[in-house]
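[1] Here's my sequence, what's the structure:
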Amino acid sequence: MEAAVFILSLVDCCALIFLSVYFIITLSDLECDYINARACCSKLNKWIIPELVGQSLSTVLMLVSMHWFIFLLNLPVAAWNIYRLLWRYVKVPMGNMGVFDPTEIHNRGQLKSHMKEAMIKLGFHLLCFFIYLYR
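    Next comes the predicted model:
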């Protein structure tokens, strides 16, 4: 049972690493003007909910299998994703596309903050990958 939990968590973590790299590449393409803001935001907004589901799955697996340290390690990122979904995604003003909005992504340094968030998540998922691999 324990091996199955960590194998599933490892596969989930690989998907989240891929998703973080995708976010970084897409945001850096926007920063360098290789794609326009509308295309970038529509690409990224599609992956908000799957990212939340992937992170929540890993957290719930660790809770159910009673791996408390890894559960507590995953909890802040899962809470951040839930906060982002509830606060930013559900309460999106009328006319905006979602968490990533093409009219506002260049304002007030949002592009840099989204890029920093994606880098932090990539580092976190890499750390979790090696923890799951070790276990």
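[2] List the residues that contact the residue most central in space within the chain.
    Closest residue to the average C-alpha location of the chain: residue 51 at 4.8 Å, with Cα atoms, centre = their mean. With contacts defined as Cβ atoms under 8 Å, 6 or more residues apart in numbering, residue 51 is in contact with 16, 19, 81. For every residue, glycine as well, the C-beta is placed using N, CA and C.
[3] for the lengthiest helix in the chain, which positions count as buried?
    Ordering each helix of the chain by length in residues (DSSP state H) puts helix 2-31 first. For helix 2-31, burial by neighbour count (16 or more other Cβ atoms under 10 Å) applies to 5-6, 9-10, 12-13, 15-17, 19-20, 23-24, 26-27, 30.
[4] Kindly indicate which of those lies nearest residue 64.
    residue 5 (8.0 Å; Cβ to Cβ).
[5] OK, contacts around the closest one?
    Residue 5 makes contacts with 61, 62, 65, 67, as judged by Cβ under 8 Å, 6+ apart.
[6] do you know how far the last one is from residue 4?
    In this view, residue 67 and residue 4 are 13 Å apart by Cβ to Cβ, to the nearest Å.
[7] Give the burial count for residue 69, as a bare number.
    Per other Cβ atoms under 10 Å, the neighbour tally for residue 69 reads 9.
[8] Model confidence at it, what's the number?
    pLDDT recorded at residue 69 is 92.
[9] i'd like the first residue to be 47 from this point on
    Got it, the first residue is 47 from now on, which makes the last one we talked about residue 115.
[10] show me where pLDDT drops low in this structure?
    Applying pLDDT under 70 to the chain picks out residues 134-135, 138-141.
[11] Look up how far residue 104 lies from residue 51.
    10 Å.
[12] And for residue 56?
    Counting by Cβ to Cβ - residue 56 and residue 104 are separated by 10 Å.
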